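Enquirer: Let me see the structure of the following:
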Amino acid sequence: MRVSREQVAKNRERIIEVAGRAFREKGFDGIGVADLMKGAGLTHGGFYGHFASKDDLIAEASAAVMDRSTVKWEKLAETSPDKALAAIVSSYLDKSHRDNAGTGCLIAALAPDIARQKETVRARFTQGTQSLLRVLAKAIPGQSEAARREKAIATLAGLVGTIVLSRAVDDPKFADEILHAGQEVFSRK
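Expert: Residues are numbered from 1 along each chain as shown. Below is the predicted model of the structure:
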């Protein structure tokens, strides 16, 4: 039975969505193609009709997750133009984000794994990071473009570090304290 092009496109998007979540929860090596396809409600044999390799899927899923993060940050900035930085920081350093890696930031969940991936994956990750930095730099008021970009880079690194550290500790009160400290420091203009 032939599947329509529209259904093929929907299946591909479903695979990318499932993979994006699973990779952030388990790492790239923590889940195989068969389980990803099962999670998407498809057979393992159909995988290679959509992707040349698992690396191809990793690149596509990473790009999709980063694109969604960029859109989210753009909407936050548009909704609160006078307090765009505070809105982004508040959303990013939220308990829900910390506690749900599968729906959270790809950078916080997978940056060390990305560094060990093939160039195609790293290139897509770099593009996504640059997009997030552009949004963040626009949210930083005043200053020259170069100074805003520098602060955006430091802020993104601090936000990611705050999430990573708050996820890693085993004391819930300490984890909350880490989030709160990050919110205080990084929402300043």
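Enquirer: so how far is residue 28 from residue 55?
Expert: For residue 55, the distance to residue 28 equals 9 Å [CB to CB, to the nearest Å]. (Glycine included, C-beta is placed from N, CA and C.)
Enquirer: Quick check, residue 127 in contact with residue 64.
Expert: No. In this structure, residue 127 is not within contact of residue 64 by CB atoms under 8 Å, at 12.0 Å.
Enquirer: of these two, who's got more company?
Expert: Higher neighbour count among residue 127 and residue 64: residue 64, with 18 against 14, using other CB atoms under 10 Å.
Enquirer: circling back: ok, residue 55 and residue 28, which is more surrounded?
Expert: Per other CB under 10 Å, whichever of residue 55 and residue 28 has more neighbours is residue 28, with 21 against 15.
Enquirer: Look up the pLDDT of the more buried one for me, please.
Expert: Per-residue confidence (pLDDT) for residue 28: 96.
Enquirer: how about it, phi and psi?
Expert: phi -70, psi -30 (degrees, to the nearest 10).
Enquirer: so what's the closest residue to it other than its chain neighbours up against?
Expert: Leaving aside its chain neighbours, residue 28 sits nearest to residue 113 (5.2 Å; criterion: CB to CB, 6 or more residues apart in numbering). Neighbour list for residue 113: 27, 28, 29 [criterion: CB atoms under 8 Å, 6 or more residues apart in numbering].
Enquirer: List the buried residues in the helix ranked longest in the chain.
Expert: As assigned by DSSP state H, the longest helix anywhere in the chain is helix 54-79. Using 16 or more other CB atoms under 10 Å as the test for burial, helix 54-79 gives 54, 56-66, 69-70, 72-74, 76-77.
Enquirer: could you point out which element follows that helix?
Expert: Using DSSP states H and E, the helix or strand that follows helix 54-79 in sequence is helix 84-92.
Enquirer: What ranges in this structure fall below the confidence cut-off?
Expert: For the chain, applying pLDDT under 70 flags the ranges 1, 189.
Enquirer: Helices along that one, start to end?
Expert: Counting by DSSP H, one finds helices in the chain at the ranges 5-26, 33-39, 54-79, 84-92, 95-99, 106-114, 119-139, 145-168, 172-186.
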